[in-house]
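*Asks:* My questions are about this predicted structure, shown below with the sequence.
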Amino acid sequence: MTPEEAKILKNEMNTQDVLATSHPLYCVFEKDIVWGMDPDFSDQYKWLDVEGFEVDLEQYELSEELVEDEEGFAAWQKDVGIDLHINKVHYVVRDRFLNAHFTMKAAHLYINQNHYNLKNPFVYVMSLYRCHEMIKIQEFLKSGCQIKNKLHIDLTHNG
């Protein structure tokens, strides 16, 4: 890191909104959908065709009750002349951690540079509370990378 880069980082870290968080770490997450969950585990579902595309039941003027009734659904398909293979697939949405940054600006830069690979990314601010090594690194960066009398990380700290 050059002295100029250290100065820029110091300024950014000391002037950014910490969002009422002690020792903030700006973490990038994205929403991840896990398909094929047991219906007892998730009440979220979509109707999918055999290729995995979502089927709009209203487009076919279908009700969920009719689709779930195998005999009734088979009779409907025969009456309208459509061979429609669809399944009720349950899912959950989870937040998947991608990486962490010392500034909100850097977190948003990461999202902007990688937007084509990300699905629903967002920044969540976490605290480094009681993470003594990271707090020391953060304080060092906020000082402009100035080594004071001694650089010491107390790994036995219980506070």
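*Replies:* Arrived safely, thanks for sending. Numbering: from 1, shown residues only.
*Asks:* Okay, and residue 28 sits in which element?
*Replies:* strand 24-37 (DSSP states H and E).
*Asks:* my bad, should have said residue 71
*Replies:* Residue 71 belongs to helix 70-80, assigned by DSSP H and E.
*Asks:* Just the C-alphas of that helix, formatted as CSV.
*Replies:* Output of helix 70-80 as CSV, limited to C-alpha atoms (Å, rounded to 0.1, in the frame of the first residue of the first chain):
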residue,chain,number,x,y,z
GLU,A,70,-53.9,-36.0,-10.2
GLU,A,71,-57.1,-37.4,-11.7
GLY,A,72,-58.7,-34.0,-12.1
PHE,A,73,-55.6,-32.6,-13.6
ALA,A,74,-55.2,-35.5,-16.0
ALA,A,75,-58.9,-35.0,-17.1
TRP,A,76,-58.3,-31.2,-17.6
GLN,A,77,-55.2,-31.9,-19.8
LYS,A,78,-57.2,-34.3,-21.9
ASP,A,79,-60.1,-31.9,-22.2
VAL,A,80,-58.0,-28.9,-23.4
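*Asks:* For it, give the mean pLDDT please.
*Replies:* The average pLDDT for helix 70-80 rounds to 89.
*Asks:* what comes into contact with that helix?
*Replies:* 60, 62, 66, 67, 83, 84 (Cβ atoms under 8 Å, 6 or more residues apart in numbering). For the C-beta atoms, the positions are set from N, CA and C on the backbone; glycine is no exception.
*Asks:* contacting residues for the third one?
*Replies:* Residue 66 makes contact with 72, 73, 76, according to Cβ under 8 Å, 6+ apart.
*Asks:* any idea how far residue 11 lies from residue 5?
*Replies:* Applying Cβ to Cβ, to the nearest Å, the value for residue 11 to residue 5 is 11 Å.
*Asks:* can you check residue 42 too?
*Replies:* 46 Å.
*Asks:* Select the longest strand from this structure.
*Replies:* strand 86-101 (DSSP state E).
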